[in-house]
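# For reference, the sequence and a predicted model appear below.
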Amino acid sequence: MIKRELSFTLTIMIAYLTFSQVATKAETNLAGVYQGNTLFIQNPLDQSDRKFCIESIYINEELLNINYKLSAIKIDFKEYDLFTPVKIRVVHRDTLCTPTIINPEAILFHTIFRFTSVSLTDSALVWSTKGETGMGEFEVEKLMNGVWVDQEVQEASGLYKVANYTHFPNLEEGANQYRIKYNFPRGSRTRYLYSWEVDFDHYPEPVDFKPKSAKTRLYLSRSTHYEIYDAGSKLVLEGQGIEIDVTVLRQGQYVIYFNGKDPGTFIKE
């Protein structure tokens, strides 16, 4: 009877100790979005037993294979794409030690908005987004003489799912560089977010068109931006494309420019 009670007591004590060791484990959690920045975590050292506080770190529940015997741990997210949501779980020895996340703002992101694609061709700058809420706006910017200059402002559609946008750029001969700035709706904690930069080397052939006397349409040799001026040098028609509907123009002579150059003349019958 005594042996049975002793065995039961030892079993309870072992179970209690096991539970206590598990219960004293502690975690520090942080969630955000990888924005291309490195995250630093301070890892305290217990001077009494010379052991560091952090035992393991998980990113999206995958164990990070690094050296944990460092006073400062660096997380650079090398295996993650830009704007990937990340959840960081830091497991430490007990509640008596606390690791410090030195720069949490590196991944803190107060919106799920992101650019999903940005592309530039000789005829259009096209971009797509996800996660829009409210009525923000896009500023198209072009690098000119080392300074980013606004080209156009477009209102955002506010679509939470996929939203697509197009800007018809006025490309210069040679290197062209663009980016898009998204201004969040008023009241948002995040004020704005830039897309990545896109480049296009533009060496176009001169644009030709026909007919020189037209009733309904002009046909261009390639898609381009055009401007049509009347005899009084007033801009009467502007757009982008490979065909131009001139039915809205009055009869008379007009001057047409392609990307601000290569002027030609035609008659509207």
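Perfect, thanks for sending it. Computed from a predicted structure; not experimentally measured. Numbering: from 1, shown residues only.

# Could you report the pLDDT at Ile228?
According to the prediction, Ile228 has pLDDT 94.

# again, but for Leu82
On the pLDDT scale, Leu82 gets 76.

# Same check on Thr11?
Per-residue pLDDT puts Thr11 at 34.

# can you tell me how far Thr121 sits from Thr166?
Taking C-beta to C-beta, to the nearest Å as the measure, Thr121 falls 11 Å from Thr166. To be clear about C-beta, it is placed using only N, CA and C from the backbone, and glycine gets the same treatment.

# Tell me, how many residues neighbour Gln253?
Other residues near Gln253 come to 11 when the count uses other C-beta atoms under 10 Å.

# My guess is it contacts Val236. True?
No. Counting by C-beta atoms under 8 Å, Gln253 sits too far from Val236 to count as a contact (12.0 Å).

# Give me the neighbour count for Ser223.
Ser223: 16 neighbours (other C-beta under 10 Å).

# Tell me the strands beside the helix or strand it falls within, with direction?
According to DSSP states H and E, Ser223 maps onto strand 217-229. Pairing partners of strand 217-229, with direction, according to DSSP bridges: strand 209-210 (antiparallel), strand 235-245 (antiparallel), strand 252-258 (antiparallel).

# Give me the buried positions along stretch 249-257.
Neighbour counts over stretch 249-257 (16 or more other C-beta atoms under 10 Å) mark Leu249, Tyr254, Ile256, Tyr257 as buried.

# Same check on stretch 114-125?
Across stretch 114-125, burial judged by 16+ other C-beta under 10 Å covers Arg114, Phe115, Val118, Leu120, Asp122, Ser123, Leu125.

# Farthest pair within those?
Arg114 and Asp122 (26.7 Å; C-beta to C-beta).

# So Ser221 sits against Phe258, correct?
No. Proximity of Ser221 to Phe258 does not meet the contact threshold set by C-beta under 8 Å, at 9.5 Å.

# Just want to know which of those two has more residues nearby.
More crowded of Ser221 and Phe258, by other C-beta under 10 Å: Phe258, with 20 against 13.

# Tell me who's in contact with Gln151.
Val140, Glu141, Lys142, His167, Pro169, Asn170, Tyr178 (C-beta atoms under 8 Å, 6 or more residues apart in numbering).

# Strand partners (parallel or antiparallel) of the one helix or strand it maps to?
Using DSSP H and E, Gln151 sits within strand 147-155. According to DSSP bridges, strand 147-155 has the following sheet partners: strand 137-144 (antiparallel).

# buried set for the strand it pairs with?
Buried-residue list, strand 137-144, by 16+ other C-beta under 10 Å: Phe138, Glu139, Val140, Glu141, Lys142.

# JSON lines for those, including pLDDT?
Shown next, in JSON lines, are the buried residues of strand 137-144 (pLDDT from 0 to 100):
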{"residue": "Phe138", "pLDDT": "96"}
{"residue": "Glu139", "pLDDT": "95"}
{"residue": "Val140", "pLDDT": "96"}
{"residue": "Glu141", "pLDDT": "95"}
{"residue": "Lys142", "pLDDT": "95"}
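
# How confident was the prediction at Phe8?
32.

# just for the stretch 151-269 of the chain, where's the confidence low?
188-190 (pLDDT under 70).

# on contacts alone, who are the packing partners of the helix or strand where Asp199 lies?
Assigned by DSSP H and E, Asp199 belongs to strand 198-202. When contacts are defined as 3 or more C-beta pairs under 8 Å, 6 or more residues apart in numbering; DSSP states H and E, strand 198-202 packs onto strand 114-120, strand 174-183.
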